[in-house]
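A.B. asks: just the structure for this:
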Amino acid sequence: MKRDFIVVLVGRIIQTISAIIVLRVMSSVLTSIELAKAVLVTTITNLFALVSINPVQMFYYRKLNDWLDNKTLGNKFLLLLIYVIVINCFLSAVLLCLYGFFGSLTGIDIFWLLTLVSGSIIFITINQTVIPTLNMLEKRREAVLFTIITTWSSLLLSTLLTYHGGKGEHWILGQIIGAILGSFFAFLSFFKFVDLSKLKQIKKYYNQKTRVIKMIAVFSIPISITVGLNWLQLQSYRFYTSKLVGLEYLGKFSAGYTLSAGIMSAFEAVAMQFFSPIFYKGLGNSNDEKKAKVWNDYAAYYFPLAILTASFVVTMAPYLTRLLLHKTFWDVSIYVIWGAIIELFRILGNAYSMVSHATMKTNKLIHPQLIGAIVALLLVPVMLIYNKEYLGLSLVISSFIYLIVIHKSMTKQLAIQISFKMVIKVLGFVFPMIVISYLGSTISYKFIFNFLLLMGSGLFYLLGCYFIYLKSRRI
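C.D. replies: As a prediction, the model looks like this:
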């Protein structure tokens, strides 16, 4: 386990550095308006993918080990690809019908919008399925390597395509082509686990389609509704922000939010890449008591680490902004702070949702997310009209209410417990970060000084991570 942890950690450090470079380049080659257009295209793609594809992916991951044991993984993966292609055709027709709405907000013509959304749904979905599959098969080095290949090829292609025109559409096109390249190499490794002779049996699943579809639907539809509500809570604001206050402000807010989200997502990816295989393997056909213990062990790492990561981003926001974004975005540090808090609540909510995945009662996720979505839909427009700077606060409030509701809901399913004692201990590593941030604000914002401050604060962050790792070795 220790060796796997080191592989994942080193790989994710490289990926985080890569993501930082991506963000710096993106903020340099795109104006705030073009960045906003790219964000809106991604938001449309996320809506379609989260509602129609992500739930089926979750079912795939839940059953992956069983399919590997009975040598039908290749069949199931092929069926998933067929599903993605078929559903993309339907979603393209929907997008064509709704172009009057989406086109007016994004300012992108129908050809580009269809190409970018469809390309993202198919090729980025494939990339984000085959690489996690390798990780679930405990091929961590390969998963890390192919993720890095995807990131860097996407960066290089996006930079080349946007270097002269600086168009948001070209940036996303580069991301799609990079995902194709990363998937190509990942498939070479994946096919080692696939019994190609079994692919001939795929007709058998077609004959059993009614039973299979019903089984997937029972698991997936509640997740589909939940992630759709999550999109309403955390992403739909981008459309009425662009409508009420304009693309330029949306671009500024998105730059700050993306910075913090990138760091928080990198943390989440490390945790999920390492702990997801252990979590799902520990479930098996266990009873509720064992499932609760598996989740409690998972949370013993996850919650303190997530809080520590968010604290690092919040305290270092002014310095992260000046180091990682182009100077035209140096005034967005407050949005970095809001983004870190919102992402923390999202990550903790996702951790709670694993309880429903463990019990296969994913319908229990709908009510908490519905509450969060309703609060966001009512609060955000009012805040934007009153003062656009309250956008971040309104998203924080809706996310916090969602977290409270899902906590109460999940504790009714399993006897789960949170180690608040460990969370309190983690705060001891946050205090030095606050001191460093305060002292830095009274001295200078020069590049080398910002870098040294981040290194000092980062040292306390890493010490805190190591402390949690040593204290929580129960998995």
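A.B. asks: what residues sit buried inside the helix or strand hosting Glu169?
C.D. replies: Assigned by DSSP states H and E, Glu169 belongs to helix 168-190. Buried residues in helix 168-190, counted by 16 or more other Cβ atoms under 10 Å: 168-183, 185-187, 189-190. C-beta coordinates here come from the backbone N, C-alpha and C atoms, glycine included.
A.B. asks: mind exporting that helix as PDB, just the C-alpha atoms?
C.D. replies: Coordinates of each C-alpha in helix 168-190 appear next as PDB, following Å, rounded to 0.1, in the frame of the first residue of the first chain:
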ATOM      1  CA  GLY A 168     -12.000  29.900 -26.400                       C
ATOM      2  CA  GLU A 169     -13.300  27.400 -29.000                       C
ATOM      3  CA  HIS A 170      -9.800  26.600 -30.200                       C
ATOM      4  CA  TRP A 171      -8.600  26.000 -26.600                       C
ATOM      5  CA  ILE A 172     -11.300  23.400 -26.000                       C
ATOM      6  CA  LEU A 173     -10.600  21.700 -29.400                       C
ATOM      7  CA  GLY A 174      -7.000  21.200 -28.200                       C
ATOM      8  CA  GLN A 175      -8.300  19.600 -25.100                       C
ATOM      9  CA  ILE A 176     -10.400  17.200 -27.100                       C
ATOM     10  CA  ILE A 177      -7.500  16.200 -29.400                       C
ATOM     11  CA  GLY A 178      -5.200  15.700 -26.300                       C
ATOM     12  CA  ALA A 179      -7.800  13.400 -24.800                       C
ATOM     13  CA  ILE A 180      -7.800  11.300 -27.900                       C
ATOM     14  CA  LEU A 181      -4.000  10.900 -27.800                       C
ATOM     15  CA  GLY A 182      -4.100  10.000 -24.100                       C
ATOM     16  CA  SER A 183      -6.800   7.400 -24.700                       C
ATOM     17  CA  PHE A 184      -4.900   5.800 -27.500                       C
ATOM     18  CA  PHE A 185      -2.000   4.900 -25.300                       C
ATOM     19  CA  ALA A 186      -4.300   3.900 -22.400                       C
ATOM     20  CA  PHE A 187      -6.100   1.400 -24.600                       C
ATOM     21  CA  LEU A 188      -2.800  -0.300 -25.400                       C
ATOM     22  CA  SER A 189      -2.500  -1.200 -21.800                       C
ATOM     23  CA  PHE A 190      -6.200  -1.800 -21.200                       C
END
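A.B. asks: when you give positions from now on, start the count at 41
C.D. replies: Okay, using 41 as the starting number, the last item reads as helix 208-230.
A.B. asks: just checking, what packs against it?
C.D. replies: Packed against helix 208-230 by the contact rule (3 or more Cβ pairs under 8 Å, 6 or more residues apart in numbering; DSSP states H and E) you find helix 72-92, helix 150-159, helix 165-176, helix 180-202.
A.B. asks: ok, which of those helices comes nearest Ala416?
C.D. replies: Ala416 lies closest to helix 72-92 among the helices and strands packed on helix 208-230, at 14.1 Å (Cβ to Cβ).
A.B. asks: report all helices and strands that the closest one contacts.
C.D. replies: Helix 72-92 sits against helix 113-137, helix 139-146, helix 150-159, helix 208-230, helix 249-274, helix 277-284, helix 287-323, with contacts defined as 3+ Cβ pairs under 8 Å, 6+ apart.
A.B. asks: may I see the buried residues of the first one?
C.D. replies: Under the neighbour-count criterion of 16+ other Cβ under 10 Å, helix 113-137 has 113-117, 119-120, 123-124, 127-128, 131-132, 135 buried.
A.B. asks: next one: the third one
C.D. replies: Judged by neighbour count (16+ other Cβ under 10 Å), helix 150-159 contains these buried residues: Trp152, Leu153, Leu154, Thr155, Leu156, Val157, Ser158, Gly159.
A.B. asks: can you list these in a markdown table and add pLDDT and distance to Ile73?
C.D. replies: What follows is those, written out as a markdown table (pLDDT from 0 to 100; distance: Cβ to Cβ, whole Å):
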| residue | pLDDT | distance to Ile73 |
| --- | --- | --- |
| Trp152 | 87 | 16 |
| Leu153 | 85 | 16 |
| Leu154 | 88 | 22 |
| Thr155 | 90 | 20 |
| Leu156 | 91 | 17 |
| Val157 | 90 | 20 |
| Ser158 | 91 | 24 |
| Gly159 | 91 | 22 |
